[in-house]
Each structure stands twice: as C-alpha cells, then as structure tokens.
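K.L.:
got a sequence here, can you build the structure:
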Amino acid sequence: MIDVSIIIPSTRPKSLPIVLDAISRQKHAPKYEIIIVLEAEDHSIFQSVWFPPAAKIIQQPLHNDFGAAAKDAGIKIASGHYVVFWDDDNLYYDYALLSQHISADKYDIGIVRAFVNGEYLPRSNNEIALGNIDTMCLCVKTSLAKTKLWADGCGRGSDYRWYARLMTENPRINYSKQIIGIHL
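P.N.:
Just a heads-up that it's a prediction; the model follows:
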C-alpha cells in the first residue's frame, strides 16, 4: 500500500529538478508515489528533465490557474492513502514528507508549517484564512481530497479556497508545529 501520493504541478522545467531532488533526499520517508503534472503549450520544454522511472507523468495544456487544474488531475489518479502537493517553487527539508505523513496519520488532514514571505504559516491553529495557509502545508486523506476540486476559476488563493471546501465535510484535523520547508 502506498502511504502518500506526492503531486507535483509544474510549468517550470528549470525548477522541477529541485523538487525531484528534494524527494530523493527524504529521510525515513513513508511509501510514496510521485505524480508529476506538466502544464505547457509545448511539453518539449521538459525534455531535459530527468524523471524518476516510477513517476506517473500527466501532460496537459497550460491552465494559468496557479496549478489548480494540475492538482485536480493528480488527485484523480492518486493511489496513496494521503496526498501532498509539492510545488516546483518550494524548498523541502529532508524530513518534510515524513513530517507531513505523521501530522495526518489517523486524521483526515494534517497541517504542518512552512516559511512563506518572511513568516511561518499557518500563524496559529485557529487562524486558517486566506493568506495564512500554503499548499505545501497540507496532507489530506485521498478519499477526502477527491470530494472537492481545486480549480474554481478564481485565481490566486486556491489553496485556501480548496481547504475551506474540505471543511464542509467536517474533517478531523491535526496541527503540527513542524516546519517542512520554504516557499520561494
């Protein structure tokens, strides 16, 4: 059984190797699968990127929605018990995946922390609001993740809006103070 599906939406062939390297450096990681969703008008821009042999690769047109449609595509084929979203513009510490998995274990959602724009988010457990959560902070039970779409046509802030839609299902949430990386 796969514990975690790592979904990587990417429009940037130059930064994608950085996140793939971060995955290869994970210490004591749970069993995971890698789902990479490439968004581009011309997918040949990714031809110089080395992809892990077992990675599932999806190619789709550029949606210009900050990765929301890519996350939906990844969730659709995810087979892990949980999903996490590793954007290609973030740096992840060597224990990030383990921390995300531990935070969610026996819960519907685990929320870890990240350094974003000069501060740690979320600021507190009681203050999950627009601008106080980042995609990289979430580890969500796949069965719950599949109940709501990311893509809503409303632009930036889709991470918070998706989280708010998940809240309508009354999920059990665990908050961790563990910092797993830096949003660039």
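K.L.:
from here on, contacts and neighbour counts on C-alpha atoms
P.N.:
Will do.
K.L.:
distance of A78 from L130?
P.N.:
A78 is 26 Å from L130, where distance means Cα to Cα, to the nearest Å.
K.L.:
same question for S103.
P.N.:
S103 is 21 Å from L130, by Cα to Cα.
K.L.:
so in that sheet, which strands flank the helix or strand hosting C139, and in what orientation?
P.N.:
C139 belongs to strand 138-141 when assigned by DSSP states H and E. Here strand 138-141 is paired, per DSSP bridges, with strand 82-85 (antiparallel), strand 109-116 (antiparallel).
K.L.:
counting neighbours, what do you get for the closest residue to R165 other than its chain neighbours?
P.N.:
Nearest residue to R165 in three dimensions, chain neighbours excluded: K148, at 6.7 Å (Cα to Cα, 6 or more residues apart in numbering). K148 has 17 neighbouring residues, counting by other Cα atoms under 10 Å.
K.L.:
surely K148 and L166 touch.
P.N.:
Yes - applying Cα atoms under 8 Å as the test, K148 and L166 come out as touching, 6.7 Å apart.
K.L.:
where do the helices of this protein begin and end?
P.N.:
16-24, 68-77, 96-104, 142-145, 158-167 (DSSP state H).
K.L.:
so for S103 and L130, which sits in the more crowded spot?
P.N.:
Between S103 and L130, counted using other Cα under 10 Å, the more crowded position is S103 (24 against 15).
K.L.:
residues contacting the closest residue to that one other than its chain neighbours?
P.N.:
Spatially, and ignoring its direct neighbours in sequence, S103 is nearest to G110 (4.6 Å; Cα to Cα, 6+ apart). The contact partners of G110, by Cα atoms under 8 Å, 6 or more residues apart in numbering, come to Q100, H101, I102, S103, A104, L138, C139, V140, I173, N174, Y175, S176.
K.L.:
tell me what G110 is bridged to.
P.N.:
Here G110 sits in beta bridges with C139, N174, going by DSSP bridges.
K.L.:
ok, it to N64 distance?
P.N.:
28 Å.
K.L.:
likewise for E127?
P.N.:
From E127 to N64 the distance is 28 Å (Cα to Cα).
K.L.:
and for H43?
P.N.:
15 Å.
K.L.:
isn't D159 right next to T135, touching?
P.N.:
Yes - contact criterion Cα under 8 Å: D159 and T135 qualify, at 5.4 Å.
K.L.:
what's near enough to touch the nearest residue to Y107 once chain neighbours are set aside?
P.N.:
In this structure, Y107 finds its nearest non-sequential neighbour in R172, 5.3 Å apart by Cα to Cα, 6+ apart. By Cα under 8 Å, 6+ apart, R172 lies in contact with Y107, D108, I109.
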